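Student: predicted model, plus sequence, below.
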Amino acid sequence: DSGVTQTPKHLITATGQRVTLRCSPRSGDLSVYWYQQSLDQGLQFLIQYYNGEERAKGNILERFSAQQFPDLHSELNLSSLELGDSALYFCASSPGQGAGNTIYFGEGSWLTVV
Amino acid sequence: EDQVTQSPEALRLQEGESSSLNCSYTVSGLRGLFWYRQDPGKGPEFLFTLYSAGEEKEKERLKATLTKKESFLHITAPKPEDSATYLCAVRNQGNLIFGKGTKLSVKP
């Protein structure tokens, strides 16, 4: 158990819908990261927050957005869902954001878009 | 462009048959090379971080080494429970860039 908690574990929704994935980082960790993993792609970095502020953006679609709240939990919002958005979405956290900070991953949220 | 390439894509070993997994990388300013283990449907589990060429780390049957252009994950006398996908990643600024992984199968 990494200490990173993600909900829901599984989610099935229809195209065009909107979903929210939730993440609680490890106790004391200020940095939160979101990654997407699909069958044909490896782990793709989406976005990073540090202590409530956005710090880095990767290959995140405009239909996707995220935020980190004052209690440090984070949410990833996915809207106007398409079949291709079906994937495993991972949240990860680390104490800080520089070298020397190990990044720990949660168990993921399986999203299936039908 | 920062990039990580892992080989082979898949590796089948007999129990006790030692081997190595390769991770080649190009990154502007390495801030750590990470190895993770991932079981099907699970999140990546942290194994090692290496920071400088020549560094080595060990954990049970696994040993990770680092050069200026690549890292190796050596598996000594593997057991069936070592079967998993092994992921290599480099740190770029704050986040990690992952390779596609090596799927290891160890048969009894």
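Tutor: Cool, got the structure.
Student: contacts, neighbours, all on C-alpha from now
Tutor: Noted.
Student: helix, strand or coil for A:T20?
Tutor: strand (DSSP: H, G, I helix; E, B strand; the rest coil).
Student: just checking, it touches A:L81?
Tutor: No: between A:T20 and A:L81 there is no contact under CA atoms under 8 Å: 11.4 Å.
Student: more neighbours: the two, which one.
Tutor: A:L81 (20 against 15; other CA atoms under 10 Å in any protein chain shown).
Student: what residues does chain A have near chain B?
Tutor: Selection of chain A residues close to chain B by CA under 8 Å from any CA of the partner chain yields A:2, A:33, A:41-45, A:48, A:56, A:90, A:97-100, A:102-108.
Student: for chain B, what's the nearest residue on chain A?
Tutor: Nearest residue of chain A to chain B: A:E107, at 4.3 Å (CA to the nearest CA).
Student: can I assume that residue sits in a strand?
Tutor: No: according to three-state DSSP, A:E107 belongs to no strand; its state is coil.
Student: which residue packs closest to it, ignoring adjacent ones?
Tutor: B:G43 (4.3 Å; CA to CA, 6 or more residues apart in numbering or on different chains).
Student: do I have it right that A:S65 meets A:S74?
Tutor: No: using CA under 8 Å, A:S65 makes no contact with A:S74, being 10.8 Å away.
Student: ok, the residue nearest to the spatial centre of chain A to A:R55 distance?
Tutor: Nearest to the mean C-alpha position of chain A, by CA atoms, centre = their mean, lies A:W34 at 3.1 Å. According to CA to CA, to the nearest Å, A:W34 stands 12 Å off from A:R55.
Student: can you list residues touching both of the two?
Tutor: A:47-48 (CA atoms under 8 Å, 6 or more residues apart in numbering or on different chains).
Student: doesn't B:E81 fall inside a strand?
Tutor: No: counting by three-state DSSP, B:E81 is located in no strand; its state is helix.
Student: ok, it - contacts?
Tutor: Here B:E81 is in contact with B:V106 (CA under 8 Å, 6+ apart).
Student: against chain A, how distant is it?
Tutor: 18 Å (CA to the nearest CA, to the nearest Å).
Student: ok, that residue to B:R61 distance?
Tutor: Per CA to CA, B:E81 is found 11 Å from B:R61.
Student: ok, A:G84 next?
Tutor: Taken as CA to CA, the span from A:G84 to B:R61 is 38 Å.
Student: returning to what we had before: surely the residue of chain A closest to chain B and A:Q6 touch.
Tutor: Yes: here A:E107 reaches A:Q6: they are 6.8 Å apart, a contact under CA under 8 Å.
Student: what about B:T65, how many residues nearby?
Tutor: For B:T65, using other CA under 10 Å, the count is 21.
Student: surely B:A64 is in contact with B:T76?
Tutor: No: counting by CA under 8 Å, B:A64 does not reach B:T76; the two are 11.3 Å apart.
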